[in-house]
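> Below: sequence and its predicted model.
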Amino acid sequence: MAADDRVKGGAALELFMWGPAYNLPSFDPFCLSAAAYLQLAEVTWVVNECNNAGVSPRGELPMLRDSLLEPVVTTSKIIAHLKKKGYDLDQHLSATEAAECLAFTGLVEDKLHDALLFSWWLEAKNVMKSTRPTISKSLRGWAGFRVPSQLQKKAEARLKRYRTVTYKGKETNEIYVLVREWYKALANKLGEQPYFFGSRPSSLDAVVFGHLALHCIPSLAEPTLFSILTFEFPTLYAYCERMREDLFGAPLRASANHGASWILGDIVRSPMVYMRTVFSPAAGKKEKSVEERRAEVGTWMSVVGAVGFFVGYIFYSGIVRIEIGDGDGDGNVDVDVDGEEGGGWQDADAHNDHNTE
């Protein structure tokens with residue numbers, strides 16, 4: 001994003017989310033849902049593309065920062081927070097429609113998310129030729145190597161329950177049979193309406209678009225979900241394309257905090273939040289699984305490595321020189337910082353400032 005698009009100060013809400021991919025603001029469906037809700041509700045907001053979920057007090061994205069209030073984490077809590085502020089897309093729904101909205105939201109965030117994870121992380125061709133390289137490119141530095149591996153491991157563990165079945169004389173994973181039922185339920189609900197509950201958008205529209213938009217990717221090595229949508233459920237595909245253009249046809253406004261040094265990643269942006277996350281876990285937090293502990297170790301190794309690289313760069317480039325005094329006999333170490341009036345350190349920050357598109 002261009003620097004001219006950044007918003008400085010003001011009362012704009014700031015959404016922290018994983019970065020862009022596939023001509024969408026984020027490669028993560030939950031981040032995309034939160035962004036879609038903000039757009040549909042016509043909220044004044046800015047985006048902060050993250051490289052590390054450590055900026056969040058829960059280690060999850062998306063996260064909404066609203067002035068000095070405690071950050072709001074996860075899509076459902078962000079939507080609930082926005083409703084309390086008066087941005088309620090569901091206020092026109094009847095009690096029955098509200099119940100339907102909740103049920104369909106659960107279907108999308110659970111079942112359709114499974115279908116996306118299977119397509120992205122269990123289809124070997126997609127993993128090697130599409131998903132991993134695309135997400136790696138969206139991230140900065142070592143996160144491009146670490147995050148895709150973490151996402152793949154989580155997907156593999158989550159999707160073990162799905163089996164190989166025979167469908168129309170061909171062997172396929174049952175998720176591609178089930179996803180047709182899930183698409184059909186959504187297509188029947190949408191009908192010929194512009195939105196799922198008529199002429200006005202609801203939170204369901206934000207959630208459905210956030211997930212389905214990532215099913216509509218024709219450039220995958222194995223675009224199975226795209227093929228099913230376009231040939232069997234064209235109204236859903238047309239809905240996603242219209243929503244994409246309406247909501248994200250123009251570039252989003254970037255936060256003034258966007259573009260911190262890629263070496264230290266998002267820890268630079270919010271060090272106190274990150275340290276609190278690591279050293280002050282919430283009371284009553286459930287015991288971490290083996291996979292979560294391994295992921296945490298990987299995160300710490302990345303942080304230590306990044307700091308080591310940063311320190312090495314400082315000395316290698318001559319920004320800091322350590323000289324041992326040879327005449328005073330006291331063994332003191334003198335640290336000399338090059339550059340007048342902060343020039344050395346400021347130049348280093350400018351050199352390492354990296355901004356993703």
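Nice, I can see it.
> Okay, now the unreliable bits of the stretch 1-150 of the chain?
Applying pLDDT under 70 to the stretch 1-150 of the chain picks out residues 1-11.
> Which stretches in it count as helices?
29-40, 75-84, 95-107, 113-121, 124-126, 132-138, 143-158 (DSSP state H, counting those that start in this stretch).
> Might one say that V177 is in contact with Y167?
Yes. Using CB atoms under 8 Å, V177 is in contact with Y167, at 5.1 Å. To be clear about C-beta, it is placed using only N, CA and C from the backbone, and glycine gets the same treatment.
> now T230: how far from T224?
Spatial separation of T230 from T224 under the definition CB to CB, to the nearest Å is 11 Å.
> Settle it for me: which of the two has more neighbours?
More neighbours surround T224 than the other of T230 and T224, with 19 against 15 (other CB atoms under 10 Å).
> Could you point out which of the helices of the stretch 1-150 of the chain sits nearest L69?
Closest to L69 of the helices of the stretch 1-150 of the chain, according to CB to CB: helix 75-84, at 8.7 Å.
> Could you pull out the buried residues of the closest one?
75-79, 82-83 (16 or more other CB atoms under 10 Å).
> before we move on, back to that, distance to L15 for the helices of the stretch 1-150 of the chain - can I get that in JSON lines?
Below are those laid out as JSON lines (distance: least, CB to CB, whole Å):
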{"stretch": "helix 29-40", "distance to L15": "6"}
{"stretch": "helix 75-84", "distance to L15": "8"}
{"stretch": "helix 95-107", "distance to L15": "19"}
{"stretch": "helix 113-121", "distance to L15": "20"}
{"stretch": "helix 124-126", "distance to L15": "27"}
{"stretch": "helix 132-138", "distance to L15": "16"}
{"stretch": "helix 143-158", "distance to L15": "19"}
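> most packed of those helices?
Comparing those by mean neighbour count (mean count of other CB atoms under 10 Å), helix 29-40 ranks first with a mean of 25.
> Just the closest of the buried residues of helix 75-84 to V108, please.
T75 (10.8 Å).
> Among the buried residues of helix 75-84, which pair sits farthest apart?
Taking CB to CB, no two of the buried residues of helix 75-84 sit farther apart than T75 and K83, at 12.7 Å.
> end to end, how far does stretch 80-98 reach?
14 Å (CA to CA, to the nearest Å).
> Tell me how far E123 lies from K84.
Applying CB to CB to E123 and K84 gives a distance of 41 Å.
> Could you do P20 as well?
29 Å.
> Ok, L229 next?
Distance from L229 to K84, by CB to CB: 35 Å.
> and if you look at Y22?
32 Å.
> mind listing what V179 touches?
Residues near V179 by CB atoms under 8 Å, 6 or more residues apart in numbering: 111-112, 115, 225, 228.
> Recalculate using a threshold of 6 Å.
A115 (CB atoms under 6 Å, 6 or more residues apart in numbering).
> In what element of secondary structure is it found?
Assigned by DSSP states H and E, V179 falls within helix 174-190.
> what angle sits between that helix and helix 113-121?
Taking axes from the mean of the first three to the mean of the last three CA atoms, to 10 degrees, one finds that helix 174-190 is oriented at 130 degrees with respect to helix 113-121.
> Now helix 174-190: buried residues?
Result for helix 174-190 [16+ other CB under 10 Å]: buried residues 175-176, 178-179, 182-183, 186-187, 190.
> quick one: low-confidence parts of the stretch 251-357 of the chain?
In the stretch 251-357 of the chain (pLDDT under 70), the answer is 258-357.
> how about a cut-off of 90?
For the stretch 251-357 of the chain, the stretches with pLDDT under 90 are 254-357.
> residues near P218, how many?
With other CB under 10 Å as criterion, P218 counts 9.
> Thank you kindly, that will do.
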